[in-house]
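S.K.: Need coordinates for the below:
(5 chains, ligands or ions: 4)
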Amino acid sequence: DQQEVTRAETLKIAIPAQITDPTNLNIYAAGSDRSATGLHQFIYEYFFYNNLQTGEFIPWLAESYEYSTDNTSMTVKLRDGVTWSDGQPFTADDVVFTYELLAKNPGMGNSAEVTKAVKSVEKVDSLNVKINLITGNPRFHLNREAFPAVGIWGALTILPKHIWEKEADPLTFKNSDPVGTGPYRVRDASQNGVTLERRDDWWGTKVFEVTPAPRFVQFTFVGDEQNVALALSNNDLDAAWIGLLSAGTFQQVTAQNPNVRAWTQELPFAWPDPCPRGLMINNDNPPFDKPEVRQALSHLIDRQAVVDLAYEGTTTPAWNIWPEYDGNIPYSEAIADIHEQYPIDTFDPARAEELLASVGLQPSDITVRYVVNADNVEEQKNSQVIADQLTAAGINVEVQPLTGNANADARLKGDFDMTQQPFCPGYPVENLELFHSKYYVPLGESAPWFERNSFRYNNPEFDALVDQMLALPPDATDQILPVFHDAMAIWYRDLPIIPLVETPALVPFNFTYWEGWPTSEDPWNMPVTWWATTGLVVTGYPDPATGEWVGGLEPAGG
Amino acid sequence: MFARYILERLAIFAATVFVSITIVFFMPRLVPGDPLGAVMSRLSSVGGSMSGQELIQEYRRRFGLDKSLMEQYFSFLSQLARGDLGYSILSFPSRVTDLIANAVPWTIGLLSLTTIISWVLGTLVGAIVGWTGGRNRFSQILVPLALLLYTTPYYILAIILIYLFAFYWPIFPLSGAYEFGARPDFSLDFITDVIHHGTLPALSIVLVSLGWWFLSMRSLIIAEQGADYIMWAEAKGLKSRRIFWAYAFRNALLPQATGLALSFAHVIGGALITEAIFAYPGIGFLIYNSIKGSDFPVIQGSVLLIIVSVAVANFAMDMIYPLIDPRIRTGSMR
Amino acid sequence: MRTVLEVADLQVHFETARGPFKAVNGVSFALHSGERLGLIGESGSGKSTIALAIMRLIKPPGYIAGGRILLDGTDLLQLDQEAARTRRLADVAMVTQGAMNALNPVIRVRHQLLDGLEAHGVHLAKNEVDEWLAGLLDSVGLRPEVADLYPHQLSGGMKQRVCIATAISLNPKVIIADEPTSALDVVVQRRVMQTLRKVQEQLRAAVILIGHDMGLMAQFADRVAVMRAGQIVEIDDVRAIFARPQHPYTRLLMESLPSLDQRDSLLRSGPIARPAAEVPTP
Amino acid sequence: MATIPVEEIAHPPVVPQLGILTHLLHNRKFTIGLAVILVLLLVSLIGAQFVDPAERRTGAFPARQSPSWDAILGTTSLGQSVAIQLTQAIPNSMLVGFIAATLGTVIGAIIGLASGYFGGKVDALLRILIDVFLSVPPLLFLILIASLLRGVSVPTMALIIGLFAWAWPARAVRSQALSLKERQFVQVARLSGMGDLEIVFRELLPHMLTWLGANFLNAFITAILAESGLSILGLGPQRDTTLGIMLYWALRYGSILQNFWWWWLTPVILLMVLFLALYLVHLGLDEVGNPRLRAHG
Amino acid sequence: MNGPRPDGNGQAHVPLLELRDVTKIFGGGRFGQREVVALKEFSLALDAEHPVIVAVVGESGSGKTTMARLLLGLESPSTGAVLYKGVDLSRLSGRERRVFRRDVQAIFQDPFEVYNPFYKVDHVLTTPIAKFGLAHTREDARRQIEQALCAVGLKPEETLGRFPHQLSGGQRQRTMVARTLLLRPKVIVADEPVSMIDASLRVTVLQNLLQLKQEFGISLIYITHDLTTAYQISDQIIVLHRGDVVERGDPEQIVKRPQHSYTKLLISSIPLPDPDRQWGEVPPEIEALAEEALAREHVGSDVQP
Ligand SMILES: Nc1ncnc2c1ncn2[C@@H]1O[C@H](COP(=O)(O)OP(=O)(O)OP(=O)(O)O)[C@@H](O)[C@H]1O
Ligand SMILES: Nc1ncnc2c1ncn2[C@@H]1O[C@H](COP(=O)(O)OP(=O)(O)OP(=O)(O)O)[C@@H](O)[C@H]1O
Ligand SMILES: [Mg+2]
Ligand SMILES: [Mg+2]
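M.R.: Ligands and ions are numbered 1, 2, ... in the order given. Predicted structure coming up:
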C-alpha cells in the first residue's frame, strides 16, 4: 500500500541522539523533540519566518500583522486557503484555542510566556485574530515564545482545535500521528529516527504551485561523529545537525567525498550561529563581584588559540554577544568607540595583572570554579584550552564537569564561578534584556533560565536603558542606537559576562542527491537543519518583496 | 533438604530484589540537585519555553517530587506492586514501561545470542585445548590469541570493527538495529536485516567474551585432570574421549555454568557501551541516556529490570544446578 | 602354580629440579594366580607407584626408566597406548588409594559400572543390564538399588564396594587394591576386606593389597613384601614374616603392634629403638 | 565487564612461604609481566620529571603533527604531545587500578572473612549484601555515580570503582573462610588462647594471600577497564589524563577518521600492553600458587 | 543444678570437669533439616586428684568427636551441662575462662591438619606461651619449649625452625604432645591421636601420652576406634554406639568379657596381627550390626538406602 522509500527520493538528515520515545510527538510536552522528529520543520508551520541571513520577515500562515497605536494589541491576518492535513481549514479558532489552552496549562511549554505577555486573544473573523497584550510592546512579533513567528528556533505552535479540544490532559496526550499544516506527514517513527512522507494535498501546492522535491525526509540517528562522517562519505546522508562534525573530521569527509561541503569552501567552513558563546561569571561571588577581576579574566583568554585548537579554526573570536549578521552590523559599528576604550577581547596578561593589582589582588589569589557541562563536547574542548590559559597566568582553576540535572542546578542556583553559555536569541536589544535585573534572584535560588541572569548581574541604571529600548519598535534603529550606546558603555565597564567566540554552525551538505543548498556563494537562506526554517530550505519561499519564488532543493543533475 | 535449599535461595532472591529496589530508589535522590533541572536542560536543548520555574513546579507536582522522600518511596513501592513504573521525565508523557518494552527485545536478542555463542564456543574449545595440554600448533596459537582478545577492551574492538567492516569494507551497516524505514515484523527480510545489523555489535561482544570463556574453561579442565575420578576412569580403561566428555567436561561445566549466570550482570553492563557505540536501541543505551539526562523513573525502572533479571538468572541457575550437580541437594558442597 | 604377573627390575623415576628421583628402584617380584600379596611399607616408599606402573598410568614428570612387567608372558611396557588401555580393567584392575573420591560425582553408579564394559567393547542388551548390575552389586554385598544412586548418596564403605565391583566387572586376572580401607573404620574395614576376599576367591584372581597395617596383612595376605625407599627389602610367606622378620624395619613394625591379649605388653616396656632417623613424610 | 577467571579454590591453597618469592622470580610469566609494568611506570614517572609544566598545556606544540623529534609520539588536535600526556596517563591509570584493586580486595577480604568465620546472622546479612552486589552490573552503578558526582578526579574515580569491586573476592574469601575455619589448626589456635580477630588475621588470612594477590591483579585490570570505559562514555576524570581519557579525546576529535593513528593507537596499545602484562603476572602467580598448572607451562 | 555438690562428709567435692547428662542434637532447624542425635544423655566426671585415662571407643559417627568438642567448650550441649570446677561453661567469668582454656587441652587426630602450614612448628608452641603469659623472657620461653620437646623425646634443634611438612607424622604428633605439656593442663582430650600416623610411630606417641598421666598427673580422654590401643593404655573404657553408651568399665572386663553385642562386633573386627587367628565367622546378629554400620553415611545424606 505504501510507497517504497528509495534513496534517491529521500532527504536524509543526521540527528545527534536517539529518540527515546518516537511515539511522543506532542510538541508541548517536555519529552518530545520538536526538531529531531521534523515536527517544527515539516509538520507544523508558523505565521512568519525570519531569514536572519537576508533579513527578510517572510509571511507564511499569516499574511500580515498590525499593532494598535499604543502597541497594546496586534491584529494578525491569516492566509486564506490553508488547511490542516486532515482537510479541516486553518482558522482564527485554532489560534484562539491554542492561546487559551496554553494559558490554562502551566505545564505546557510557552505557557508562562503567554501568560506574562498576552491578556487575551479574540477572533475577529475566521481569518483575523486580535491579540491583546498586557503592556504595550512594539516588539511582540519578535517574541517567539508567545507569538508563532520563527525567529531562530521553536516558536509558539498553533494546534488544530478539532483534535486537541478532545483531549482531557494536553500534557499526557502523545499525539503520535500529528495533524499539522506542513507539507509532510509522519510515515513511521522509531528510536533511530523518523521518516516523513510528502503530502500531495498540502495547501502550499495549491496556493504557491510548488511541490517540495524530496518525497521522503528522514531524520536519522547513525551514531556519533565517526559514524556520521562515514555515512556522509558513503552518501548515506544528505545533511547533518549542528555540532556533529568537527572541522578535522569534516575535512576528512570532503576529501573522500567532494560532493560534501558546508557554508564556505575553506575555513571556517561554518556559518555563524546566532548564539555566540560567552563565559558567565558569577557576579555575586567575591572576588568576581569586581568588574576589574572579570575584565582581567577576559584579558587572560587567548581567543584565537581557543578558535584554533578547540574549534579547529571554524569560527572567529567574539567581542560582543550577537552574531555579525548584516542586520546587526549597525549596532556593532555604533559601539566601536566603547570597544576601543575596553578592548576586553585582546589577550593581554600585563593588562590583566594591572587590573588585578588595582583591586589589590594577584593571579594566585584567585581560584576559579569552572563548571563544565560534561554532556557538551564543545564546552569540554573549550574548557581544556581556557583552563590551561588561566592556569598559565597563575590563576587556580578547578574544572568541574557536571552532567544532567547537576549541571542545570549548579548554573541556575549560581553554584559556579565561571561557566560557558550560548547567548540567544541574537538580536542585540533582546540579548541585552537577558542582563535585566528583573531576572535577578539571589544565590541559592533558581534563576529563570541559564542566560537569563544566572550570572546575577544587577544594575538599575542599565535596566532603565534596556526598558527604554524595549519600548521602541525594532525598525526604529535611529532612536534605539543612542540608548544602545549608553547601555553598552555600562555593560563593557561592568563586563558581567565574558564574550568568547562566535558559534560555528558547521553543517555539512551533500550535493550527491540534492542540490540548491544555501552556501556562502548562494546565501539565499540559513544553512540549518534543526530550525523551523529548515522547511523553507527544502521548499523555498516567495520573496516578501517581489513574490518571486526563492530557493528550494532540487534533485541533483535534474 | 532440597526444600530447605529452595527456600533459602528464594529468601536470598527476595532480599536481593528488595535491597536493590531500595538502593535504586534512594541512591540518585540522595545526591544534591533537582531532578527536574533535567527538564530544563532538555527544554533548552529542544527549544521549549525559557520561562522555567512555573513549568518546573507543574512537573514537580505531576511527578510527586513535592512530597517527602519516604512518601515518594512508599508510593513508588505501591506503584511497583501494580507493575506501574510511572512516566519518564525526559520523554514525558511516555511511560517507563513503554520505553523499556521498546528496548528490551533488542538487548535480549543481542545478548542471548552473543552470550550463548561465545559461551558454547569458548567452553568447547577451551575444554579441548585444556585437555590436550596445548600440544599441537593449533592450540598453541589459540591461547595467546584468546589472551589478546580478552585483553582488548571491547569498545576498542567495536571501533576497530566499525572501521574495518563498515567503512573500509562496507559489508555491514554502521549502526542501528534494522534498516531505516523498515517495519519490524517477522518477515524473512526483516530478520535478515536484523541479523545484518546485529553482526558487528554481536561480534564485538562475542570475540571478547569468547576469550574469557576459553581461558576459564581451559584452566578448569586443567584442574580437573588431577581429580581422583579421572585417574579412576583411566584405570577403568576408558577411552580418552569418554573420559573427557563424561568425566572432565561434565565436572568442569559446573563452575563454568555458574560463571555464565554471573556473567549476565557483567554482559549487560558491557553491552551498554557496545549499544552506545553502535546506536543499538537496547536497554543499555536507554539506561545510558536516561542516566545522562537524570531521568529517574527510567533509570529506576530499567536498572530494576536488569537487577531482577540477573537475580532471576542466578535463581534459575541455583535451581538448575542441582539437576546437573547431584551433590548440591545435600548441601555438602559450597 | 602359575605365575600371572612378573615384575622384573622395575625402575620408575620422577623428574625433579634436582635430577631424577628414583621412586621405584629395581623392584622384582612374581605373583601367582589366585595369590594375595601384601605390599607394605612406609609412606612414600613407592607402593602406589608400583601399582600405577603396572597399570601403565605413570604420568609426567614420572616415567618408567626400566624393567619389565610381564602379564601372562606379555610385557605390558611394550604395548602401545590403545593396547595398554584395553588391558586395564579387563586384565589388571585397580581399586585406588583415593577411592572415596574415585567415583564421578555427577554420574549415577549404574553408568560408572557400565562405562568400563563399553570401553572394552562389551555391550549388554537392554534387558540384561539390570540383571547384570544386580548380580555384580550383589557379589560385593550391595543391593541393586544402589545402581541408581549418585556417589554422594553412598557411605564410604559402600563407595569402596562399588569400586571393588567395578574392578571385578570384567574378571581381571590381577586386582591391585591400594589402601582400600584406610579411610574406613574397623567395623566397615572388616566387611570390605571380607568382600574383597570373597570375590577374589570366586574369580581366582590374584590380588596385590597395598597398606601399612600389619594386622590387615596378617588377616588377608598369603605373602608379604616389605618396601623401603623404592626397594623391596623383604618378601616372604606371611607366617614367615610374622615369625622371623628379617629386616629391621619389618621388625620395628612387628614390635609396635599392640596386643589384645595382655595389657602392659609394649607400652610399658620402655622406648623402642628406631632403626634409623625418622624419615620426614613427603 | 568481564573478569579474569580466578579459579575457585577447589584445591587446598598452597601457602605462601618464603620460598614463594623465589618461585615467583623463577616464573617467566611473572617476571616478564612485572618487568613490563615496572618499566612503563618508571619511564613515565622519570619522564614526567623532565617535562616543563608549560609543555603540558594545550597549544604547547603545533597541533595534529605526526611523530617527529619534537614530539616522538606526535601531537593532538589541541596541540599536546602524546608522549608527554603518557607520562601522566600511565601512572594515573595505574593509580586507579591500584587504589580500586586495593580497596576492593581489602573490603572483600574483610567482609568475606567476617561472613565466613562468624557465620550466623552476620553471615546471613552479609551474604545478601554480597548477592546484591553480585547481581548489580557494576558498570551501571559506576555510570550512575559518576554522573551524579560533581567532577570526578582520579582518586574519586578509583574509590568508586573500588567500592564496587569487593563482592567477588568477598564471596570467594567467604567460602574459603568457611572451610578453613573447620580446619583443626583453628581449633588449636583457640585452645592456645587466641581471640577471634587474631585467629582471622593470623591463622586464616595468610592462606588467602596468593588468592587475594591474584584477585588483586584481576581487580586491577577490571578497574582500568572500567575507568577507560567510563571515560569513553564521557564520565571519566576529564581534568586529569588517563589512558581512557586520552582515548576519549582522540575519539572526540575524530582521530581514527582523520588518520591520526599515533593519537588513538597509543593509548589503545598501552592499555593492551598493560592488560597483558598484568595478566601475565596474574598467570604467574596462579601457576606458583597452583602447582597443577605449573606442568602446563 | 550447677554449683558444688556436697559429698559424704558435707564437704564440697567438686569434679574438675564434668559432663552431666549431656545430649547433643544437630540440625532440626527452621527449614526442617534432618535431626541427628550425636550424643545421648552422656555423663562423665574427671577428678583433679585422681588422674585417669578414659578411652572412648566406637565406630565412625558414634559421637566421639562431639563429646570431645563438648568437653573442650567448642560446642554447647543441647540439654545437660558441661561443668568446669562446678560452673557451667557458659557462665564462666573471663578469668575463669582463661584458666579453663589452659586446663583443658586437646590433641587431634590428624597431625598435619593441626598445624597452620603457613607457620613453622614453633608457632603452636610460642602462641600459648604468649597468650597465657607462661614465660617472662624469651630465654625462659625457649627453655620451656626445649624442655617440653625433650620430654617427648624430640631433639629441639631437629624440630624447631621447621615447617610442619618437614617433620614426620610422629614428630608432628609428638610436638603437639609437647605443646600440651608446656601448658601443664589438668585434662587432655586426645581425639584419635594415632590413627593417622604410620604404624611404626604409633607406639612412641602412645608412650608419650601414658607418660603424661604418670609423670605429670594429667587426665586423658583417649578417643579411638581401635580397641587394642584403648585396652593398652586406659584405666576405663566407654563404648559408644550412635550416641549411646553401650558399655563402660574396666578394660580387662570389656575386652575379655564384652557384654554388649556391639562391643563384641568391635572386638571381632580388629585385624589381629597374627596370620593364624583369622577374622572368621561372626554371629549373624552382630554381622547385621556391621552391615548397618556400612550402609550408614557418616555426615548426612538425604537418601538412606
Ligand atoms: N608427581 C610426582 N612428582 C614427584 N615425586 C613424586 C610424584 N608422585 C610420587 N612421587 C614420589 O614418589 C615416591 C613414592 O610415592 P608413592 O605414592 O608411590 O608412595 P606410597 O608408598 O604409595 O606412599 P603412601 O603410603 O603415602 O601412599 C614418594 O617419595 C613421592 O614423593
Ligand atoms: N556440625 C555438625 N552438624 C551436623 N551433624 C553433625 C555435626 N557434627 C557431627 N554431626 C553428626 O553427629 C554424629 C556424631 O559425629 P562425631 O563427629 O561425634 O562422630 P565420631 O564418633 O567422632 O566419628 P569419627 O570416628 O568418624 O570421627 C554423626 O552422625 C555426625 O554426622
Ligand atoms: Mg600410596
Ligand atoms: Mg571423630
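S.K.: quick one, phi psi at the residue of chain C found nearest chain A?
M.R.: Relative to chain A, the nearest point of chain C is C:Val106 (45.7 Å; CB to the nearest CB). To be clear about C-beta, it is placed using only N, CA and C from the backbone, and glycine gets the same treatment. Torsion angles at C:Val106 (phi, psi; degrees, to the nearest 10) stand at phi -110, psi 10.
S.K.: The closest residue to it other than its chain neighbours is in what secondary structure piece?
M.R.: Once flanking residues are discounted, C:Val106 sits nearest to B:Arg250: 5.1 Å by CB to CB, 6 or more residues apart in numbering or on different chains. Following DSSP states H and E, the helix or strand that holds B:Arg250 is helix B:250-278.
S.K.: Give the other helices and strands that that helix contacts.
M.R.: helix B:96-132, helix B:154-162, helix B:188-224, helix B:283-292, helix B:296-324, helix D:120-135, helix D:138-148 (3 or more CB pairs under 8 Å, 6 or more residues apart in numbering or on different chains; DSSP states H and E).
S.K.: Does the shortest one reach chain D?
M.R.: The reference is to helix B:154-162. Yes: judged by CB under 8 Å from any CB of the partner chain, helix B:154-162 comes into contact with chain D at B:Tyr155, B:Ile156, B:Ile159.
S.K.: Likewise for the fifth one?
M.R.: Yes: using CB under 8 Å from any CB, helix B:296-324 reaches chain D at B:Ile299, B:Val303, B:Ile306, B:Ile307, B:Val310, B:Ala311, B:Asn314.
S.K.: and that helix, which residues are buried?
M.R.: B:296-311, B:313-315, B:317-318, B:321 (16 or more other CB atoms under 10 Å in any protein chain shown).
S.K.: Where do the strands of the stretch 101-250 of chain C begin and end?
M.R.: Ranges of strands in the stretch 101-250 of chain C, per DSSP state E, counting those that start in this stretch, are C:174-178, C:206-211, C:223-228, C:231-237.
S.K.: export these to a markdown table and tack on mean neighbour count, mean pLDDT and distance to A:Pro268?
M.R.: As requested, the strands of the stretch 101-250 of chain C are exported to a markdown table (neighbours: other CB atoms under 10 Å in any protein chain shown; pLDDT from 0 to 100; distance: least, CB to CB, whole Å):
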| stretch | mean neighbour count | mean pLDDT | distance to A:Pro268 |
| --- | --- | --- | --- |
| strand C:174-178 | 25 | 94 | 87 |
| strand C:206-211 | 25 | 94 | 90 |
| strand C:223-228 | 24 | 93 | 93 |
| strand C:231-237 | 17 | 93 | 93 |
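S.K.: Tell me the pLDDT of whichever residue of the stretch 51-200 of chain D sits closest to ligand 2.
M.R.: In the stretch 51-200 of chain D, the residue found nearest to ligand 2 is D:Glu182; the distance is 8.9 Å by CB to the nearest ligand atom. For D:Glu182, the pLDDT comes out at 81.
S.K.: what residue lies at the spatial centre of chain E?
M.R.: With distances taken as CA atoms, centre = their mean, E:Ala190 lies nearest the centre of chain E, 3.0 Å away.
S.K.: For that one, give the beta-bridge partners.
M.R.: Note on E:Ala190: beta-bridge partners E:Ile107, E:Tyr222, judged by DSSP bridges.
S.K.: Poorly predicted segments of the stretch 151-300 of chain B, please.
M.R.: Residues of the stretch 151-300 of chain B that meet the criterion pLDDT under 70 lie in B:167, B:179-184, B:262, B:264-270.
S.K.: Can you name the residue of it nearest to chain A?
M.R.: Counting by CB to the nearest CB, the stretch 151-300 of chain B gets nearest chain A through B:Ser294, at 3.7 Å.
S.K.: out of the helices and strands packed on helix B:250-278, deepest packed?
M.R.: Mean neighbour count (mean count of other CB atoms under 10 Å in any protein chain shown) peaks for helix B:283-292 among the helices and strands packed on helix B:250-278, with a mean of 26.
S.K.: who are the neighbours of it, in terms of helices and strands?
M.R.: Going by 3+ CB pairs under 8 Å, 6+ apart, helix B:283-292 lies up against helix B:96-132, helix B:250-278, helix B:296-324, helix D:138-148.
S.K.: Now do the helices in chain E.
M.R.: E:64-71, E:94-103, E:122-132, E:138-151, E:156-159, E:169-183, E:199-216, E:227-233, E:251-256, E:261-269, E:284-295 (DSSP state H).
S.K.: pLDDT averaged over the fourth one, what's the number?
M.R.: Going back to what we said before, that points to helix E:138-151. The average pLDDT within helix E:138-151 is 91.
S.K.: from the middle of its chain, how far away would that helix be?
M.R.: From the chain centre to the centre of helix E:138-151 is a distance of 25 Å (CA atoms, centre = their mean, to the nearest Å).
S.K.: swap in stretch C:100-107?
M.R.: Mean-position distance between stretch C:100-107 and its chain equals 19 Å (CA atoms, centre = their mean).
S.K.: Could I get the CA-only coordinates of that stretch as CSV?
M.R.: Provided in CSV are the C-alpha atoms of stretch C:100-107 (Å, rounded to 0.1, in the frame of the first residue of the first chain):
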residue,chain,number,x,y,z
MET,C,100,36.5,-42.1,48.5
ASN,C,101,36.8,-39.6,45.7
ALA,C,102,37.2,-42.0,42.8
LEU,C,103,33.6,-42.0,41.7
ASN,C,104,32.5,-39.3,39.3
PRO,C,105,30.2,-37.1,41.4
VAL,C,106,27.8,-36.3,38.6
ILE,C,107,27.1,-39.7,37.2
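S.K.: Looking at the helices and strands packed on helix B:283-292, spot the one closest to E:Gly80.
M.R.: Closest to E:Gly80 of the helices and strands packed on helix B:283-292, according to CB to CB: helix B:296-324, at 37.5 Å.
S.K.: Are that closest one and chain E in contact anywhere?
M.R.: No: remark: helix B:296-324 sits outside contact range of chain E, by CB under 8 Å from any CB, the gap being at least 11.4 Å.
S.K.: quick one, that helix and helix D:138-148 angle?
M.R.: Helix B:296-324 runs at 160 degrees relative to helix D:138-148, counting by axes from the mean of the first three to the mean of the last three CA atoms, to 10 degrees.
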